[in-house]
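In: Okay, structure incoming, though there's no sequence with it:
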């Protein structure tokens, strides 16, 4: 009686263990929302303008590599470039924020 019970319990444990080992799909997060991409563009444009002013270069946001070739997925180029332009112009017209 003990031998069949032991075989049944071991078999059940083996079935449960192998039944739970299905391959799990890899789920990547969704692409960043447009607002995050736009905000990153604002930050990068602001820093680009700061760099241009510090180096004495003429202001031109179109001349920057990150504006010409944004570091975001192709579908988000417009949002990033619009943010970059806004950040660049914000620095030029208002200067750095106080305490920076």
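Out: Yep, that arrived. It should be emphasised that the depicted structure is a prediction, and the values quoted were computed from it without experimental measurement. Numbering: from 1, shown residues only.

In: can you pull the contacts of residue 61?
Out: For residue 61, the contact set (C-beta atoms under 8 Å, 6 or more residues apart in numbering) comprises 45, 48, 49, 67, 84, 85, 88, 89. Where you see a C-beta, it was placed from the backbone N, CA and C, and this is true even at glycine.

In: Excluding sequence neighbours, find me the nearest residue to it.
Out: Excluding the flanking residues, the one nearest residue 61 by C-beta to C-beta, 6 or more residues apart in numbering is residue 88, at 4.0 Å.

In: Residue 56: which of the contacts of residue 61 is nearest?
Out: Using C-beta to C-beta, residue 49 comes nearest to residue 56 of those, at 12.8 Å.

In: in which helix or strand would I find the residue nearest to the closest one when sequence neighbours are not counted?
Out: Closest residue to residue 49 apart from its sequence neighbours, by C-beta to C-beta, 6+ apart: residue 91 at 3.6 Å. Per DSSP states H and E: residue 91 is located in helix 77-94.

In: Averaged pLDDT, that helix. What do you get?
Out: In this model, helix 77-94 has an average pLDDT of 95.
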